[in-house]
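Asks: Pasting the sequence and the predicted model now:
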Amino acid sequence: MNSIGRKLASRLCTVAANAMLAGIACVASAQNDYPNRPLTLVVGFAPGGPNDILGRHMAKALTQRLGQPVVVVNQAGGSGNPASAAVASAAPDGYTLLLIGPANAINASLFPKLPFNFRRDIVPVAGITREALVMVVHPSVPARSVAEFIDHTQRGAPLTMASTGNGSAPHVTGLLFNRTAGLELPIVHFGGGGPALADIISGGKTQVMFEPLSAAIAPVRTGQLRALGVTTAHASTALPGVPTIAATLPGFEASAVTGIGVPKGTPQAIVERLNREVNAALADPPVRSLLMDGGGEPLAGSPSEFATRVFGEIDKWAAVIQAAGIKAEVSASAAPDPQQDLQHYPQKEIKLIVPFPTGGVTDINARILAKHLSRLWGQPVTVVNRLGEGGTTGTLEVLAAPKDGYTMMMNATGQATQNPAIDSKLPYKWDEPTLVARTSLSPLVFVVKGDSRWNTLQQMLDDVRKDPAAYKYGTSGPGGVGSIAISLLFGASGIDPRQLGRVTMQGGAPLLDAVITGKTDFAAQYLAEMGPLLQSKQLKALAVSTPERVRQLPDTPTSKQAGSDNFALIGWNGIAGPADLPAGIVAQWNSAILGLTTDALFLKETEVSGAEVAYLGPKDFKETLRKEYEAALVQVEKLGLRR
């Protein structure tokens with residue numbers, strides 16, 4: 001090479017070296033100031049589900065720690081595979097994260113032809129939680145332990161297991177249980193956790209299920225299901241007294257592991273930074289408490305420790321899936337069919353019809369519920385008041401609405417059972433709407449003006465009995481439950497309510513004002529609407545309508561204790577929809593409401609309103625209303641009030 005060539009080569013080497021150093025410097029700079037823009041956390045399931053809620057909790061915590069927004073993007077469908085594929089093909093720069101869940105470990109073997117290889121294409125960064133599943137049975141199953149359940153089944157009991165879908169965590173856990181216990185329980189698949197839980201609670205086709213702890217806590221605590229054991233190696237503090245399944249079947253273990261992953265090739269420095277921030281978030285008491293309250297055990301550790309756990313889950317479920325011979329029923333990229341897509345409900349705003357005025361107990365309870373459902377589902381639940389004819393106008397609007405779950409109703413005692421019992425020409429039947437769930441109970445209180453000469457219900461009834469025409473009672477509107485309560489109380493006390501005067505107001509607040517100002521002599525209305533007026537002694541409580549005294553008014557007797565032996569009426573609120581509402585939508589509402597029954601803020605707000613959270617599922621709700629309607633029918637016919 002001549003001197004000119006040597007000089008040119010030297011210059012080219014210098015330029016290349018400088019370019020390489022500059023590139024290294026740019027990469028190092030990019031890592032040093034990471035992150036300098038928003039991050040995306042991809043969740044492979046619909047808003048409102050357990051994966052989505054967990055992802056949003058972690059996104060909020062990471063936003064605070066990283067100083068950049070971490071935005072949750074839901075890429076639902078295909079058992080979570082499209083979301084994983086999207087992250088696997090994203091730029092490995094630390095700005096696209098994947099919420100890793102149980103489906104990732106299961107899908108690696110369940111789907112033979114995925115467009116990605118999870119073990120190769122996704123780098124596990126940090127664990128978030130490990131959640132137990134709970135083996136639950138319907139109360140009709142006599143077994144009270146895992147050992148008794150196995151014995152009961154081996155003796156030929158015709159039991160069937162519920163699954164949230166082919167290849168779901170409850171499904172493969174059930175397969176593992178069958179194999180370990182030497183059983184062959186048949187398994188019925190449902191389109192999601194909501195429908196499966198609703199079926200077993202209602203005493204449907206299934207009697208046993210492996211349910212994630214977060215979803216199992218509420219029905220277990222309320223006695224709707226019985227917990228036999230937890231699937232983790234250690235018992236859960238959330239369900240004290242419930243043993244591990246491993247205590248009966250040594251070596252049995254299953255859990256729902258969640259965490260954060262990034263695309264292969266993401267710089268190690270970024271992986272370690274994300275790991276540190278996730279671990280720091282898990283150590284933060286409010287975050288830790290939030291996760292544990294949801295049934296999870298915080299899963300802090302290094303990237304390699306989390307990778308070992310995730311890949312171990314892949315190997316474990318591969319063995320179970322291979323032994324059972326199960327395969328995916330749809331392709332990994334297929335969109336869910338309309339029935340399966342019900343588990344992704346809701347996808348837009350829901351209109352919650354309240355067939356009564358604003359400010360009343362039904363309206364108050366509806367707004368509390370709507371607020372928390374909006375938070376849970378990530379879609380607005382908007383309360384719309386439709387007044388008219390004692391609830392008839394709003395009820396008819398819901399009955400005429402599409403059966404898609406986007407027009408629902410908060411129904412109540414008067415409009416649901418009492419009015420149909422009284423009015424034979426009402427344009428709907430008590431059981432015509434789809435009865436979804438009861439949400440709360442609200443006692444009715446018989447009240448008079450604060451300075452009234454009456455101090456007991458019996459004093460009032462004695463005076464009215466002498467001269468009924470001399471007195472007036474108030475009602476919040478046509479068909480109002482307070483009016484019905486007064487009529488039934490008087491009828492049960494030997495007084496014809498038609499002989500009294502009646503003052504009709506538009507709503508509970510105007511009615512109570514009419515009592516205070518002397519426009520009417522007495523009224524019955526929900527406690528939720530009169531608490532401050534009782535405390536200020538503008539109103540005086542003579543009795544409550546419930547069979548037992550209520551906690552908020554411990555010194556106020558029941559109507560029976562006060563002298564009316566044949567009367568009791570409990571006010572309630574619940575959710576109803578158009579006739580023949582799809583079972584999947586009913587199940588989603590029940591799943592969400594069940595979850596709220598253990599939500600401290602929801603419970604507190606309901607209590608402050610004067611109501612009490614009192615969940616009933618569809619079957620029990622309908623049976624309770626049937627009995628209430630039939631009892632009301634007997635009463636109104638006996639009193640000559642049916643028209």
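Replies: Structure received.

Asks: just checking, Pro124 is part of a strand?
Replies: Yes. According to DSSP: H, G, I helix; E, B strand; the rest coil, Pro124 belongs to a strand.

Asks: so it bridges to which residues?
Replies: Gly261 (DSSP bridges).

Asks: how much space is there between Lys429 and Gln552?
Replies: To Gln552, Lys429 is 34 Å away according to Cβ to Cβ, to the nearest Å. For glycine as for every other residue, the C-beta is placed from the backbone atoms N, C-alpha and C.

Asks: quick one: which of these two has more around it?
Replies: Between Lys429 and Gln552, Gln552 has the larger neighbour count (other Cβ atoms under 10 Å), namely 18 against 10.

Asks: my read: the more buried one touches Gly610, true?
Replies: Yes. At 6.4 Å, Gln552 counts as touching Gly610 under the criterion of Cβ atoms under 8 Å.

Asks: residues bridging contact with those two, i.e. touching both?
Replies: Residues touching both Gln552 and Gly610 (Cβ atoms under 8 Å, 6 or more residues apart in numbering): 527, 531.

Asks: Where does the prediction get shaky in the stretch 151-300 of the chain?
Replies: The model of the stretch 151-300 of the chain has pLDDT under 70 over residues 191, 294.

Asks: Could you point out which residue ranges in the stretch 501-643 of the chain have low pLDDT?
Replies: 563-568, 639, 641.

Asks: can you give me the helices in it?
Replies: Applying DSSP state H, counting those that start in this stretch to the stretch 501-643 of the chain gives helices spanning 508-516, 531-535, 583-596, 600-608, 618-638.

Asks: what's the closest of the ones you listed to Arg179?
Replies: helix 583-596 (28.5 Å; Cβ to Cβ).

Asks: and for that closest one, what are the contacting residues?
Replies: With contacts defined as Cβ under 8 Å, 6+ apart, helix 583-596 is touched by 48, 190-199, 201, 214-215, 218-219, 339, 342-343, 345-346, 369, 372-373, 376-377, 404-405, 408, 434, 436-437, 439, 575, 577, 602, 613, 615, 617-618.

Asks: Of these, keep whichever come out buried.
Replies: Among the contacts of helix 583-596, those buried by neighbour count (16 or more other Cβ atoms under 10 Å) are 48, 190-199, 201, 214-215, 218-219, 342-343, 345-346, 369, 372-373, 376-377, 404-405, 408, 434, 436-437, 439, 575, 577, 602, 613, 615, 617-618.

Asks: These in helices, which ones?
Replies: 193-199, 201, 214-215, 218-219, 369, 372-373, 376-377, 602, 618 (DSSP state H).

Asks: Residues in a beta bridge with Ile100, which ones?
Replies: Gly259.

Asks: Assess the claim that it and Gly259 are in contact.
Replies: Yes. The pair Ile100 and Gly259 passes the contact test of Cβ under 8 Å, sitting 4.7 Å apart.

Asks: so what's in contact with the two at the same time?
Replies: 124, 310.

Asks: now the strands for the stretch 401-550 of the chain?
Replies: Remark: strands assigned in the stretch 401-550 of the chain by DSSP state E, counting those that start in this stretch are 407-412, 434-442, 444-449, 472-475, 501-504, 523-526, 539-544.

Asks: would JSON lines of those strands with distance to Asn178 be doable?
Replies: Listed next are the strands of the stretch 401-550 of the chain as JSON lines, based on distance: least, Cβ to Cβ, whole Å:
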{"stretch": "strand 407-412", "distance to Asn178": "38"}
{"stretch": "strand 434-442", "distance to Asn178": "32"}
{"stretch": "strand 444-449", "distance to Asn178": "51"}
{"stretch": "strand 472-475", "distance to Asn178": "60"}
{"stretch": "strand 501-504", "distance to Asn178": "63"}
{"stretch": "strand 523-526", "distance to Asn178": "50"}
{"stretch": "strand 539-544", "distance to Asn178": "51"}
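
Asks: tell me the most buried of the ones you listed?
Replies: Among the strands of the stretch 401-550 of the chain, strand 523-526 has the highest mean neighbour count (mean count of other Cβ atoms under 10 Å), at a mean of 29.

Asks: residue contacts, Leu603?
Replies: Residues in contact with Leu603 (Cβ under 8 Å, 6+ apart) are 597, 613.

Asks: do you know how far it is from Leu596?
Replies: Computed with Cβ to Cβ, the distance linking Leu603 and Leu596 is 8 Å.

Asks: Excluding chain neighbours, give the residue nearest to Glu277 in space.
Replies: Leaving aside its sequence neighbours, Glu277 sits nearest to Arg65 (Cβ to Cβ, 6 or more residues apart in numbering; 4.6 Å).

Asks: does the one you found sit in a helix or strand, and which one?
Replies: Under the criterion of DSSP states H and E, Arg65 resides in helix 50-66.

Asks: any idea of the mean pLDDT for that helix?
Replies: For helix 50-66, the mean pLDDT works out to 87.

Asks: Please apply the same query to stretch 113-126.
Replies: Taken as a whole, stretch 113-126 has a mean pLDDT of 94.

Asks: Help me confirm that Ala157 is found in a strand?
Replies: No. Looking at Ala157 with three-state DSSP, it is coil, so not inside a strand.

Asks: which residues does it contact?
Replies: Listed by Cβ under 8 Å, 6+ apart, the contact partners of Ala157 are Val141.

Asks: Now the closest residue in space to Thr248 that isn't next to it in sequence, what are its backbone angles?
Replies: Leaving aside its sequence neighbours, Thr248 sits nearest to Val146 (Cβ to Cβ, 6+ apart; 4.2 Å). Reported as degrees, to the nearest 10, the phi and psi values for Val146 are phi -60, psi -40.

Asks: For Val146, grab the count of nearby residues.
Replies: Residues within reach of Val146, counting by other Cβ under 10 Å, total 21.

Asks: Give me the distance between it and Leu228.
Replies: Between Val146 and Leu228 the distance is 5 Å, computed by Cβ to Cβ.

Asks: One more: Val354?
Replies: Relative to Leu228, and taking Cβ to Cβ, Val354 is found at 41 Å.
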